[in-house]
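In: can't give you the sequence, but here's the structure:
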């Protein structure tokens with residue numbers, strides 16, 4: 001199963017867990033599985049059926065600035081959601097500014 005590394009700003013939603021193992025063949029399926037385990041995570045990662053603006057997706061060391069929910073993942077993928085280095089990072093991960 002894929003391993004999702006939880007950004008520190010979202011660890012309150014995962015009970016402090018730094019990584020969560022989920023199943024899924026795409027990023028969208030992995031996010032759905034993660035949200036089933038830890039409700040509220042999807043709201044922080046997805047907006048209008050796309051990754052939130054201000055997030056960068058990294059899968060197995062490859063950075064995808066335009067990562068999409070239908071992006072394929074392998075069963076043993078390592079997935080990171082990283083705040084972009086410019087505007088919007090607090091809103092994307094921390095939910096601040098709402």
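Out: Received, thanks. Remember, predicted model here, so these are calculated numbers, not experimental data. Residues are numbered from 1 along each chain as shown.
In: I'd assumed residue 35 was in contact with residue 10.
Out: No. The criterion here is CB atoms under 8 Å, and residue 10 misses it with residue 35 at 11.4 Å. Every C-beta, even on glycine, is put in place using the N, C-alpha and C of the backbone.
In: which stretches in the protein count as helices?
Out: Assigned by DSSP state H, the helices in the chain fall at 27-37, 41-45, 89.
In: please convert these to a markdown table, extending it with distance to residue 65 and mean pLDDT.
Out: What follows is those, written out as a markdown table (distance: least, CB to CB, whole Å; pLDDT from 0 to 100):
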| stretch | distance to residue 65 | mean pLDDT |
| --- | --- | --- |
| helix 27-37 | 14 | 97 |
| helix 41-45 | 15 | 94 |
| helix 89 | 14 | 48 |
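In: which among the ones you listed is found nearest to residue 77?
Out: Relative to residue 77, the nearest member of the helices of the chain by CB to CB is helix 27-37, separated by 8.1 Å.
In: in the closest one, what counts as buried?
Out: 27-35 (16 or more other CB atoms under 10 Å).
In: then stretch 55-65?
Out: For stretch 55-65, by 16+ other CB under 10 Å, it's 55-59.
In: what is the nearest of these to residue 65?
Out: Among the buried residues of stretch 55-65, and counting by CB to CB, the member closest to residue 65 is residue 56, at 5.4 Å.
In: start to end distance for stretch 17-35?
Out: 14 Å (CA to CA, to the nearest Å).
In: stretch 1-19 too?
Out: 12 Å.
In: average pLDDT for stretch 70-77?
Out: The average pLDDT for stretch 70-77 rounds to 95.
In: and the end-to-end length of it?
Out: 15 Å.
In: please list the residues outside it that contact it.
Out: 1-3, 23-28, 30, 57, 59-60, 64, 79 (CB atoms under 8 Å, 6 or more residues apart in numbering).
In: do that again at 10 Å, thanks
Out: 1-4, 22-30, 51, 57, 59-60, 64, 79 (CB atoms under 10 Å, 6 or more residues apart in numbering).
In: again with stretch 24-41
Out: Contacts of stretch 24-41 (CB under 10 Å, 6+ apart): 1-4, 6, 10-15, 17, 20-23, 42-46, 49-51, 57, 59, 64, 67-75, 77, 79, 81, 95.
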